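[1] here is the input, now give the coordinates:
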Amino acid sequence: ALAAARLPAARGSPEAIHVWLPLPVDWSPVRLRAAAKDRGLALVSAEAFAVGPETANGVRISLGAPGRQEVLAEALSGLAALLETGA
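    Predicted coordinates:
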């Protein structure tokens, strides 16, 4: 519910510990990952999960790492802010 509220484009089951966030074609997941890292957030881009050269443009977001909902909510809000700036 926290991910859905803050990142409406994210896809995943409500019970999942990860969600997939598709990115626009012209966005660089590497650049987004670097900008997120500067904010203390860790993202994993699609090439880490690919078995071939073709990959989707997006990042996987782990929802299970933070021990408290407040920490997760703050992290998701930080990522949403990055997305609004076009990182």
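[2] buried residues in stretch 59-69?
    For stretch 59-69, a neighbour-count test (16 or more other Cβ atoms under 10 Å) marks 59, 60, 61, 63 as buried. Backbone N, C-alpha and C define where each C-beta goes, glycine included.
[3] got phi/psi on the first one?
    Backbone torsions of residue 59, given as degrees, to the nearest 10, read phi -140, psi 150.
[4] contacts only, for it.
    Going by Cβ atoms under 8 Å, 6 or more residues apart in numbering, residue 59 touches 20, 21, 23, 29, 32, 33, 43, 44, 45, 46.
[5] where's it relative to residue 41, distance?
    Plainly put, residue 59 is 10 Å away from residue 41 if you go by Cβ to Cβ, to the nearest Å.
[6] and for the last one?
    For residue 63, the distance to residue 41 under the criterion Cβ to Cβ works out to 12 Å.
[7] do a quick rundown of the strands in the chain.
    Counting by DSSP state E, the chain has these strands, from start to end: 18-22, 44-45, 58-62.
[8] lowest average pLDDT across those strands?
    Among the strands of the chain, strand 44-45 carries the lowest mean pLDDT, at a mean of 82.
[9] which among the buried residues of stretch 59-69 gets closest to residue 69?
    residue 63 (10.0 Å; Cβ to Cβ).
[10] nearest residue to that closest one in space, please, no chain neighbours.
    Nearest non-adjacent residue to residue 63, counting by Cβ to Cβ, 6 or more residues apart in numbering: residue 17, 5.4 Å away.
[11] flag the shaky bits of this protein, pLDDT-wise.
    The chain contains residues with pLDDT under 70 at 66, 87.
[12] follow-up on the earlier one: among the contacts of residue 59, which two are most distant?
    20 and 33 (14.5 Å).
[13] quick check, central residue of this protein?
    For the chain, the residue nearest the mean C-alpha position is residue 61 (4.1 Å; Cα atoms, centre = their mean).
[14] contacts only, for the residue nearest to it when sequence neighbours are not counted.
    Spatially, and ignoring its direct neighbours in sequence, residue 61 is nearest to residue 19 (5.1 Å; Cβ to Cβ, 6+ apart). Contact partners of residue 19, counting by Cβ under 8 Å, 6+ apart, are 3, 7, 10, 11, 12, 60, 61, 63.
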